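S.K.: give me the fold of what follows.
(chains A, B, C and D)
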Number of protein chains: 2
Amino acid sequence: MADIDSESGRSTPRKRADARRNEATLLDAAAAAFVTSGVDAPVRDIAARAGVGVGTIYRHFPTRADLIVAVYRHQVEACAEAGPALLADSGTPHAALAQWIDLFVDFLVTKHGLAEALQSDNAAFETLHAYFLDRLVPACAHLLDAAAAAGEIRPDVTAFELLRGVGNLCIGAGEPRYDARRMVEILVAGLRQHHQGTGPR
Amino acid sequence: MADIDSESGRSTPRKRADARRNEATLLDAAAAAFVTSGVDAPVRDIAARAGVGVGTIYRHFPTRADLIVAVYRHQVEACAEAGPALLADSGTPHAALAQWIDLFVDFLVTKHGLAEALQSDNAAFETLHAYFLDRLVPACAHLLDAAAAAGEIRPDVTAFELLRGVGNLCIGAGEPRYDARRMVEILVAGLRQHHQGTGPR
DNA sequence: GAACAATCCGGAACAGTGTTCCGTTTGCCA
DNA sequence: TGGCAAACGGAACACTGTTCCGGATTGTTC
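M.R.: Residues are numbered from 1 along each chain as shown, chains lettered A, B, ... in the order given. Just a heads-up that it's a prediction; the model follows:
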């Protein structure tokens, strides 16, 4: 015996029904609050939306970053895993990189406040920052290395730096006079290394 | 210089001596607090440093932005006015633009938190944002237009956008793994337009 | 089905911001 | 010197995030 209701993974000793219910409700409420007020939506608002007390939020998600991660985990995973496919399907590594960055930008600009939060020096967001880095830096590095190996881009830029730069450029996207996408496009263009030896003609 | 209340317009009936003294003290205290804790230094800290009450700060500088502007006005002016000189002295408009951007970056990265504050959607910083735009957008536009007219850069980028992008890239400068200067350099490089029609010779 | 213990919940309470307000002090001028 | 408008100080307010614990809820066991 020895196994106390361990189902191969024993991931969770099984939570109480109301706890699981509340967690789901909370995720929905948070997602809704995030589209309305951005990721900085006051804790009390989210709690009210979900019809629970603030204590319940902190029990399920000790830090705000945990909540954000839980809400967006699927999309981040999808982005991280899209890298290899793009590299295989695109003509050149640089094209694949550009497309991947586009995916990343798509994700960031549709969640207002996310880019800001990622770069915020607020200690509460450190976990969020770490999560993004863990998942996306390797994916980006893969593409970056391929492009660098092909001699298409300058080789002195790290994946971390690029992601950070792109993330920064996405701050304030949504404002009428600032086109974050174009700025990212310019940045990616600036990455290119123009080898004059093998130029046209 | 040294005319704190330049009453060439006699708009102010002359302030009381202690008021003028406190204003100067406050500027010093704020400047000191800014280098220590960034532009987000708590109001109470600045007040304590200056040995005054918080009310005194708000009387002299209704919003935090007013305080920041007062502290950094000279440097911003200098940056704004450096444009024409650079344009005259540099070989090409693009070189002048790059140098000017460098000046701007210098200013931003040495004041930690300034870049963040500029892009913050906090209503209190709107005046600061407006001030920066008023002074620097025209200066940048001048250089940008010259470079565009010379066909050196793509013509579809506005001064506002460029400044905003550069400002954004400077967020988080000072961190070990992120070189804001290099990112800005890449962005400026991406601006270039490689005219194949009018090539050399 | 009833008692019971572990779990979970709600929201009051705390701590740290910015901002306002008003009784008191201070400098200036007649 | 006397008076008063200007300026001051800091308590008080509003709004954050975060912690804590008495009490309700759930699942289990007899």
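
S.K.: residue boundaries of the helices in chain A?
M.R.: For chain A, applying DSSP state H gives helices covering A:17-37, A:43-50, A:54-60, A:64-89, A:93-109, A:114-119, A:126-149, A:159-169, A:180-191.

S.K.: of all those, which one comes closest to residue B:23?
M.R.: Closest approach to residue B:23 among those (Cβ to Cβ): helix A:114-119, 32.9 Å. The C-beta positions use only the backbone N, C-alpha and C, and glycine is treated the same way.

S.K.: distance of residue A:138 relative to residue A:144?
M.R.: Applying Cβ to Cβ, to the nearest Å, the value for residue A:138 to residue A:144 is 10 Å.

S.K.: looking at these two, which has the bigger crowd around it?
M.R.: residue A:144 (24 against 12; other Cβ atoms under 10 Å in any protein chain shown).

S.K.: that one against residue A:159, yeah?
M.R.: Yes: between residue A:144 and residue A:159 there is a contact under Cβ atoms under 8 Å: 5.3 Å.

S.K.: what residues does stretch A:169-189 touch?
M.R.: Here stretch A:169-189 makes contact (Cβ atoms under 8 Å, 6 or more residues apart in numbering or on different chains) with A:97-98, A:101, A:105, A:108-109, A:112, A:115-116, A:119, A:165-166, B:119, B:121, B:154, B:156-158, B:160-161, B:164-165, B:168-169, B:171, B:183, B:186-187, B:190-191.

S.K.: pretty sure residue A:90 is in contact with residue A:84, am I right?
M.R.: No: using Cβ under 8 Å, residue A:90 is not in contact with residue A:84, being 11.0 Å away.

S.K.: just to revisit the earlier point, now for residue A:138 and residue A:144: what residues contact both?
M.R.: Listed as contacting both residue A:138 and residue A:144 by Cβ under 8 Å, 6+ apart are residue A:159.

S.K.: return the residues in contact with the residue of chain A found nearest chain B.
M.R.: Among the residues of chain A, residue A:190 lies closest to chain B, at 2.8 Å counting by Cβ to the nearest Cβ. For residue A:190, the contacting residues are B:185, B:186, B:187, B:188, B:189, B:190, B:191, B:192, by Cβ under 8 Å, 6+ apart.

S.K.: what about it, distance to residue A:173?
M.R.: 19 Å.

S.K.: got it, and residue A:186?
M.R.: 14 Å.

S.K.: neighbour-wise, which of the two wins?
M.R.: Shown here are residue A:186 and residue A:173; by other Cβ under 10 Å, residue A:186 has more neighbours (25 against 20).

S.K.: where's the more buried one relative to residue B:179, distance?
M.R.: Using Cβ to Cβ, residue A:186 is found at 18 Å from residue B:179.

S.K.: which of the residues in stretch A:170-183 are buried?
M.R.: Going by neighbour count (16 or more other Cβ atoms under 10 Å in any protein chain shown), the buried part of stretch A:170-183 is A:170, A:171, A:172, A:173, A:178, A:179, A:180, A:182, A:183.

S.K.: same question, stretch A:21-36
M.R.: In stretch A:21-36, counting by 16+ other Cβ under 10 Å, buried: A:22, A:23, A:26, A:27, A:29, A:30, A:31, A:32, A:33, A:34.

S.K.: contacting residues around the fourth one?
M.R.: If I follow you right, that is residue A:27. Counting by Cβ under 8 Å, 6+ apart, residue A:27 makes contact with A:70, A:71.

S.K.: out of the buried residues of stretch A:170-183, what pair is the most spread apart?
M.R.: Among the buried residues of stretch A:170-183, A:171 and A:182 lie farthest apart (Cβ to Cβ), at 14.5 Å.

S.K.: within range of DNA strand C, give me the residues from chain A.
M.R.: With Cβ under 7 Å from any atom of the strand as the criterion, chain A meets DNA strand C at residues A:13, A:15-16, A:18-19, A:21-22, A:51-56, A:58-60.

S.K.: emit the ChimeraX select command for whichever of these are buried.
M.R.: Applying 16+ other Cβ under 10 Å to the residues of chain A next to DNA strand C, the buried members can be selected in ChimeraX as follows:
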select /A:22,52,56,60
